[in-house]
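Undergrad: Fold the stuff below for me.
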Amino acid sequence: MSTALMYSFAQRSDTRVLDEPLYGHFLARTGADRPDREATLKAWPTSEESALESMAPGPDELLGDRVLFCKHIVNHSEGLPWSPFAQGRHVLLFRNPAAVMSSYSAHIERPSMRDVGYDLQCALLERLTHEGKPPIVLCSDHLQSAPEVFLRKLCTALGLEWQPAMMRWTPGPRPEDGPWAPWWYSGVHASSGWEARPPKTHAVPPHLSDLHTACKASYDTLIQHAI
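TA: Model prediction:
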């Protein structure tokens, strides 16, 4: 869903998107084992300086003429200074934990709480709210059930005009894809846009039941703040 949201914003006439610009730094810093590790480390910036530089606004964005949409996984910001993120608008996209367990276990047998990020999202929610800049909180189940309704709500919350082009994109790999796309994006590559449909029911793998339980309180907090 996060990739579909990135594709959606990429269709806007006023927006440039970046796919997880901090992922290479995260892999290099943590040594995390991922199926896409070598491909990402080869292609993506890995030092703190180069990773942050890669997500810096371009000249048009500094002049306020364009929007820069950066898709991140919340744990990618760990160990980095907050100042590069301070002036942005933050959107916390979250999902039912059962769906996350199912998705991760297809690629990573035993994801950790750091991988799924619910506690980190709640910490970011608390921090930004305390700073007087509460994030927009968006549940992917809501987005999936009524995509145009919630895309319009998101644009309104961000102060952006609605653009109908956000509902459709060309199927297949896209130029904005990160080098990990062959491992993770087959589903969204088969799509051509948003279609309203009820969220799927996902069974939690038995070996992830404790992690699923640990995510529940954070999920309950996020859903209370969702638009």
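
Undergrad: least trustworthy helix or strand in the chain by mean pLDDT?
TA: Ranking every helix and strand in the chain by mean pLDDT, DSSP states H and E puts helix 97-105 at the bottom, with a mean of 82.

Undergrad: In it, which residues are buried?
TA: Using 16 or more other C-beta atoms under 10 Å as the test for burial, helix 97-105 gives 97-105. Where C-beta positions appear, they are placed from N, C-alpha and C, glycine not excepted.

Undergrad: before we move on, what about stretch 200-212?
TA: Burial within stretch 200-212, assessed by neighbour count using 16+ other C-beta under 10 Å, is assigned to 204-205, 208, 211-212.

Undergrad: Skip ahead from the least confident helix or strand of the chain and say which helix or strand is next.
TA: From helix 97-105 onward toward the C-terminus, using DSSP states H and E, the following helix or strand is helix 113-116.

Undergrad: Now do that next one: everything it contacts.
TA: Residues outside helix 113-116 that contact it (C-beta atoms under 8 Å, 6 or more residues apart in numbering): 75, 78, 97, 100-101, 104, 108, 119-120, 211, 214-215.

Undergrad: Tabulate these in CSV, adding columns for distance to residue 30.
TA: Conversion of those to CSV gives the following (distance: C-beta to C-beta, whole Å):
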residue, distance to residue 30
75, 8
78, 8
97, 22
100, 19
101, 21
104, 16
108, 13
119, 16
120, 13
211, 18
214, 20
215, 20
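
Undergrad: Residue 19: which of these is nearest?
TA: Closest approach to residue 19 among the contacts of helix 113-116 (C-beta to C-beta): residue 75, at 15.8 Å.

Undergrad: Tell me if I'm right that the closest one and residue 117 touch.
TA: Yes - here residue 75 reaches residue 117: they are 5.3 Å apart, a contact under C-beta atoms under 8 Å.

Undergrad: Give me the more crowded residue out of those two.
TA: Counted by other C-beta atoms under 10 Å, residue 75 and residue 117 do not tie: residue 117 has more neighbours, with 24 against 20.

Undergrad: residues touching the closest residue in space to residue 137 that isn't next to it in sequence, list them.
TA: Of all residues not flanking residue 137 in the chain, residue 225 sits nearest, at 4.3 Å (C-beta to C-beta, 6 or more residues apart in numbering). Taking C-beta under 8 Å, 6+ apart, we find residue 225 in contact with 125, 134, 137.

Undergrad: Residues touching whatever helix or strand the last one lives in, excluding its own?
TA: This means residue 137. Assigned by DSSP H and E, residue 137 falls within strand 136-139. Under the contact criterion C-beta under 8 Å, 6+ apart, strand 136-139 has outside partners 89-95, 125, 150, 154, 157-158, 222-223, 225-227.
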